[in-house]
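>>> Dropping the sequence and predicted coords here.
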Amino acid sequence: MLKPGGVAADWVSAWELNRDHSAVDAIQRLVKTFAEEDERSSAFLHHIGERFGDLLSLLDDPGKHPEQAKFLDNNLVDFLLAERLKGKEGAIRNKAKLRAEMEELAAVCRPRRNGSDEKNVIRPFVVDGAMVVKFLADNGSWYEGKTS
């Protein structure tokens with residue numbers, strides 16, 4: 001994603017994020033969700049990097065800290081969900097819907113490469129996937145059939 005100040009995000013993935021998620025479908029759903037709740041999505045993305053940046057870096061090279069990386073790999077959606085629910089009264093009623101969103105966000109931010117299924121492979125968390133979603137939510141109304 002190129003903005004006037006330079007490259008703002010760099011994200012590439014296979015069309016299928018995993019067996020349950022198509023990259024295009026997941027991004028479209030997340031864009032609509034982010035566009036509907038701009039305040040949440042901005043603060044949420046900021047907090048992911050600020051609060052979890054060091055922790056998420058364990059996924060970059062899981063061989064250095066295999067036990068911690070495996071724990072994070074198994075619990076990433078729970079961490080994202082906890083951050084999403086933080087300070088949101090009434091959000092607990094929609095926990096199943098929010099969990100599904102966080103599963104898609106985790107899939108988008110952990111893109112597959114080379115078209116392989118990569119079972120049991122710990123993939124890095126690339127926050128740029130979320131930044132692309134946020135950019136589309138802020139700058140595109142295409143999902144509602146509007147033109148800019």
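Alright, I've got the coordinates. Numbers count the residues shown, from 1 in each chain.

>>> which ones are touching residue 27?
108, 132, 133, 136 (CB atoms under 8 Å, 6 or more residues apart in numbering). Heads up, the C-betas are built off the backbone N, CA and C, glycines and all.

>>> Just the element for it, please.
helix 23-36 (DSSP states H and E).

>>> That helix: which residues count as buried?
By 16 or more other CB atoms under 10 Å, the buried positions in helix 23-36 come out as 23, 26, 27, 29, 30, 31, 33, 34, 35.

>>> if we can go back for a sec, highest neighbour count among the contacts of residue 27?
The residue in the contacts of residue 27 with the most neighbours, by other CB atoms under 10 Å, is residue 133 (28 neighbours).

>>> That residue should be in a strand, yeah?
No - going by DSSP: H, G, I helix; E, B strand; the rest coil, the assignment for residue 133 is helix, not a strand.

>>> Quick one, grab the pLDDT at the closest residue to it other than its chain neighbours.
Once flanking residues are discounted, residue 133 sits nearest to residue 30: 4.6 Å by CB to CB, 6 or more residues apart in numbering. pLDDT for residue 30: 89.

>>> and residue 47, how many neighbours?
13.

>>> So for stretch 123-138, mean pLDDT?
For stretch 123-138, the mean pLDDT works out to 85.

>>> if we can go back for a sec, quick one: contacts for the residue nearest to residue 133?
Residue 30 touches 101, 104, 105, 108, 133, 137, counting by CB under 8 Å, 6+ apart.
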